[in-house]
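**Q** Coordinates for the following, if possible.
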Amino acid sequence: MLAALGVRHARLVVACPAPSPRTLPAADVVAAARAMGLEAEEAGSVPEALTRALAVASPDDLVLVAGSLYVVGAARAALVR
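**A** Okay, here's the model as predicted:
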């Protein structure tokens, strides 16, 4: 899925658990990204991941939030605050 999202061009992948009992462990996503040669970090929650991604992004960068609707909903709620 990471390859399909085009993350080979990403400066950083920040993975976090979805607020759902069926979440994939963030460590698994980090390991997959690192196996592709990417810099990757684990965050404890969606708001933490979003804060980290925005902190390292330049004004010209794109921050992509991907995952389940649970992840997108939590990211949207964090951005609205």
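**Q** So which residues of the protein form helices?
**A** Secondary structure of the chain (DSSP state H): helices located at 26-35, 46-56, 69-80.
**Q** Turn the ones you listed into CSV, including mean pLDDT and mean neighbour count.
**A** Quick note: C-beta positions are derived from backbone N, CA and C, even for glycine. Listed next are the helices of the chain as CSV, based on pLDDT from 0 to 100; neighbours: other C-beta atoms under 10 Å:
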stretch, mean pLDDT, mean neighbour count
helix 26-35, 97, 16
helix 46-56, 97, 17
helix 69-80, 95, 14
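**Q** residues touching residue 41, list them.
**A** For residue 41, the contacting residues are 12, 13, 14, 15, 30, 52, by C-beta atoms under 8 Å, 6 or more residues apart in numbering.
**Q** Please name the residues that touch the last one.
**A** When the contact criterion is C-beta under 8 Å, 6+ apart, the partners of residue 52 are 14, 41, 43.
**Q** Next one: the second one from residue 80, what distance?
**A** Spelled out, it's residue 41. Distance, residue 41 to residue 80, using C-beta to C-beta, to the nearest Å: 24 Å.
**Q** Equivalent analysis for residue 38, please.
**A** Distance from residue 38 to residue 80, by C-beta to C-beta: 29 Å.
**Q** okay, residue 9: pLDDT?
**A** We have a pLDDT of 89 for residue 9.
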